[in-house]
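Asks: attaching a predicted model along with its sequence, questions to come.
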Amino acid sequence: MTAALFAEQLLNGIQLGVMLFLIASGLTLVFGIMNFINLAHGSLYMAGGFVAAIVYRYTGSFALAVLVAVPAAAAIGVVMERLVLRRFYGRGHLDQVLVTFALILIMNEGTRMIFGPAPLLIGLPAMLSGSVEILPGVGYPIFRLTILLAGLLVAGLLYLIIMKTRLGMWVRAGASNRPMASAMGVNVPVIFSLLFAVGAALAGLAGIMAGPILSVQVGMGEPILILALVVTVIGGIGSIRGAFIAAVMVGVVDTFGRVLLTPALGSMAIFILMAAILTFRPKGLFPVHG
Amino acid sequence: MTHDVLDIAGLNKWFGGLRATNDIMLSVREGEIHAIIGPNGAGKTTLLSQIQGLLRPDDGYIKLDGEDITYEPAHKRARRGIARSFQITSLISEFPVITNAALGVQARLGHSFRFWKQAGSDLELLEPALEALRLVGLDRRAGSLVRDLSHGERRQLELAIALAQKPRLLLLDEPMAGMGRQDTSRMISLIAGLKGQYSIILIEHDMDAVFTLADRISVLVAGHVIKTGTPEQIRNDADVRAAYLGH
Amino acid sequence: MADITAFSTSRKDALAAVALIAMLALVPPAAWLLHDPFLVKVATRIVIFSLAAIAINLVLGYGGLVSLCHAGLFGIGGYVVGIAAFHVSEPIHLGPLVLGGSSDLAITLPLAMLVSGLMAMAVGAISLRTSGPYFIMITLAFNQMFYYAAIALQKYGGEDGLQILSTITLFGVDVGNRYRFYYVALAVLALATLLLGRAIGSRFGLILRAAAENETRVVVVGVQPWAYRLVAFTASGVLTGLAGALLAASQQFISPVDMAWDRSGDLVVMAVLGGIATFWGPILGAATFIALELMLSSWTQHWQLVFGLIILAIVVGLRGGLVDLLRLIMPKPAGKTT
């Protein structure tokens, strides 16, 4: 592998990692605080992609697509939480798996009913197409670089909110000590809804970013959800820092796996990584719960 | 001097900055009831959990019959004969009463990788289980479901499971907690009936019960044993009165 | 006095299981009378998925472990049968050693059970160190790993799946005949149901079930649940692999689609649909699932939407699965209240 190819793949890996982090951060917080396993989180990623693709089709504006799709994903997340998921916080994990599995079927098939089975495309705005020279003689697509930077920015912002603000303090306290979350004297249901909305918005954002690279289609949420679950498990449930480190790790390993091995064998690389890490650290790299 | 079943020295346990167990020294003699009393938060349950192996001490040692078990996992200690009845009952509510008791029998019969014979008609399990239920006066309820038991009966079942293990050392964590007067006096006579046959650590807030039942009493304050002695010695000890009994 | 043997498998449960198997045994004569061989094809699927559903229920209903890697184990069993049959025409040369393939079920079914059992043991050994949501996510990830592994098998069809071209036999007897194969599969299901019915009422079952409800209680009487869970998980994997092997043999085809993670979800749904509190409930669940799938898909191409709504309704409303519904419909024995 040449240095140029290596640099390009490394950037691709980090970019995938950043996108995974956007999805996994919502998952890990919802998990950590509500002890809730949401398999339908991938549907929010899909929702973001679809709304963006539709807005883009009718307006031709990528910026507008982002501006509409992110709040839309958040809104869908909140509706999901208020209408259905809220009743399942106290229930066992089996019920949670079943109900979110049902939601996946409903969301996927509902989307297919409305938009049909053909993939939708999101075009690139002129200013984001083309490439820049990252090393002498090595070009890299501007759009991918934008995703990377935007993702890092969001990750940094999220980190600041979680680590430095009062809201973040509540969230952290909730993630490390569940009974305390309810005893904090704050309006817990509101915090939960808010958390869900933020998680959904981030997943939706990831869906939009994926649009121009992959395509927007029914069922796009599940493979990425599983990668995000792997990230969550490796990082340690409830840990934002763990999710970030694990996301970048998974992104890089997955990208290089596919380049160095066959695509199918490469896809197995991260699962082997996960198995190896969990063998030594069953609670992930940064366990939050004692 | 009688043989010590349990021997603890220099035991320490920190929770963050809090020293929940502070240099504890404790012994239980063969066949005695050794009560541990102390105000709420003195670290009584923390101590029991360390003896049982659910919590790891930070230093010190715990010996059972002279053998060091400080870092042995809980299930191995249970096989050595440490049994506990929990303060908050810990039962299998899906099972009938007798099957809960059978759980205590089953572990000491060796491994349970037996897949064909039905446990529900296995006399090797049921007879000792029924015997344990009889000891605590719960044999008439053998076929009931745990969820149909009263609070007092659940506490009796807790004790029955522990007895079914034929324990070397019995840890009783507030066996009278939350019981009415009638149930309490029944439990007192029940424990009195066990006296001499088992070595027992008894944690209890009911002072009448403690002074009736105990051969020796240790007073635990802020994670430290400030005094060990006979009920008579403890009752008349000035330090204990000052620190705990408050009169 | 109440029944002190209530813990173990009751006569009523045994009767229910026998009745279900007997009803399934009557399908071929019925199909013959109605001149509708399609019925046997559907019933074969029901029998095979019943086997997988009772197998997953050993860990799900009795072990309290939500596993999402069972489609992977199912597919592994299927691929063992497929690959063994593939090499009938193309023996493997290992140096001087020549390994011929086989499409005789007397050889390939035990082989499928062995391989899927070993895989289940490996997955279990890692996953069972964790619990709750971790366990669910890790098994889901392992399912995905098996799925990609199957796609990576370029020699055996890769993404397109693997056709079985040689005749399926059992001890040399051709069982390509739909009716004959059906009774082989049903006999396997009956045997597995019997074994599971015994196991859950045994000492082993007692530990497994007690640990599912209250792990600490089991530990403090002196039993480490891990080994018991691993045995249950492995046994469940063996039977699930066996079901996959039967599916591959019956449709003479196996593909990565049969291993996709949502198929694991389907298996969980089948078990829950029938009721996870009994060992025979999942048979009812698998039958209902497959019948529903057939009916809904002939009614609308968007049947998955309806199916999702049905699952939602069941989880919200019917906690004990169809077994509960039966109890609601059937008259209650006197003196008992629900």
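Replies: Looks like it came in fine. Keep in mind that this is a model prediction, so the values were computed, not measured.
Asks: find the centremost residue of chain B, please.
Replies: The centroid of chain B falls nearest to residue B:171 when counting by CA atoms, centre = their mean (1.6 Å).
Asks: which strand or helix spans the residue nearest to that one when sequence neighbours are not counted?
Replies: Counting by CB to CB, 6 or more residues apart in numbering or on different chains, residue B:84 is the residue found nearest to residue B:171 once chain neighbours are left out, at 4.0 Å. Heads up, the C-betas are built off the backbone N, CA and C, glycines and all. Assigning secondary structure by DSSP states H and E places residue B:84 in strand B:82-85.
Asks: direction included, what does that strand pair against?
Replies: Strand B:82-85 pairs in its sheet with strand B:169-173 (parallel), by DSSP bridges.
Asks: coming back round to it: for the residue nearest to residue B:171, what are its contacts?
Replies: B:48, B:52, B:162, B:170, B:171, B:172, B:173, C:220 (CB atoms under 8 Å, 6 or more residues apart in numbering or on different chains).
Asks: ok, so of those residues, who is nearest residue A:120?
Replies: residue C:220 (57.5 Å; CB to CB).
Asks: so where do the strands sit in the chain?
Replies: In the absence of a named chain, this looks at chain A. Using DSSP state E, the strands of chain A run over A:131-135, A:138-141.
Asks: can you look at chain C instead?
Replies: C:92-94, C:97-99, C:162-163, C:169-170, C:173-174, C:253-254.
Asks: of all the ones you listed, which one comes closest to residue A:244?
Replies: Among those, strand C:253-254 comes nearest to residue A:244, with 39.6 Å by CB to CB.
Asks: grab the nearest non-local neighbour of residue A:98.
Replies: residue C:315 is the one closest to residue A:98 (CB to CB, 6+ apart), at 4.6 Å.
Asks: okay, now the unreliable bits of the chain?
Replies: Let's take chain A. A:1, A:173-188, A:289-290 (pLDDT under 70).
Asks: switch to chain C, that's the one I care about
Replies: Short version for chain C, where the test is pLDDT under 70: C:1-9, C:318-338.
Asks: shaky segments in chain B?
Replies: Within chain B, the stretches with pLDDT under 70 are B:1-2, B:244-247.
Asks: now the closest residue to chain A within it: phi and psi?
Replies: At 10.0 Å from chain A, residue B:15 is the closest residue in chain B, using CB to the nearest CB. Here is the backbone geometry of residue B:15 (degrees, to the nearest 10): phi -110, psi 100.
Asks: residue A:88: how many residues sit nearby?
Replies: 21 (other CB atoms under 10 Å in any protein chain shown).
Asks: residue C:295 too?
Replies: Neighbours of residue C:295 under the rule other CB under 10 Å: 11.
Asks: distance of it relative to residue C:142?
Replies: From residue C:295 over to residue C:142 the distance is 33 Å, taken as CB to CB, to the nearest Å.
Asks: quick revisit: could you check how far the residue of chain B closest to chain A is from residue A:170?
Replies: Going from residue B:15 to residue A:170 by CB to CB gives 23 Å.
Asks: and the closest residue to residue B:204 other than its chain neighbours, how many neighbours?
Replies: Nearest residue to residue B:204 in three dimensions, chain neighbours excluded: residue B:210, at 5.1 Å (CB to CB, 6+ apart). By other CB under 10 Å, the residues close to residue B:210 number 21.
Asks: what strand or helix carries residue B:210?
Replies: helix B:207-213.
Asks: for the helix or strand that that helix is followed by, which outside residues touch it?
Replies: Elements were assigned by DSSP H and E; along the chain past helix B:207-213, the next helix or strand is strand B:216-221. For strand B:216-221, contacts defined as CB under 8 Å, 6+ apart pick out B:24, B:26, B:29, B:32-39, B:42-44, B:47, B:210-211, B:225-231, B:234, B:240, B:243-244.
Asks: so the residue in the stretch 1-150 of chain A positioned nearest to chain B versus residue C:135, what's the distance?
Replies: Closest to chain B within the stretch 1-150 of chain A is residue A:92: 13.5 Å, counting by CB to the nearest CB. Distance, residue A:92 to residue C:135, using CB to CB: 13 Å.
Asks: again, but for residue C:194
Replies: According to CB to CB, residue C:194 stands 29 Å off from residue C:135.
Asks: what of residue B:128?
Replies: Residue B:128 sits 34 Å away from residue C:135, taking CB to CB as the criterion.
Asks: show me the contacts for the nearest residue to residue A:104 once chain neighbours are set aside.
Replies: Spatially, and ignoring its direct neighbours in sequence, residue A:104 is nearest to residue A:40 (5.3 Å; CB to CB, 6+ apart). Residue A:40 is in contact with A:80, A:100, A:101, A:103, A:104, A:107, counting by CB under 8 Å, 6+ apart.
Asks: tally of neighbours for whatever residue of the stretch 101-250 of chain C ends up closest to chain B?
Replies: The nearest approach of the stretch 101-250 of chain C to chain B comes at residue C:222, 3.3 Å away (CB to the nearest CB). Neighbourhood size, residue C:222 [other CB under 10 Å]: 22.
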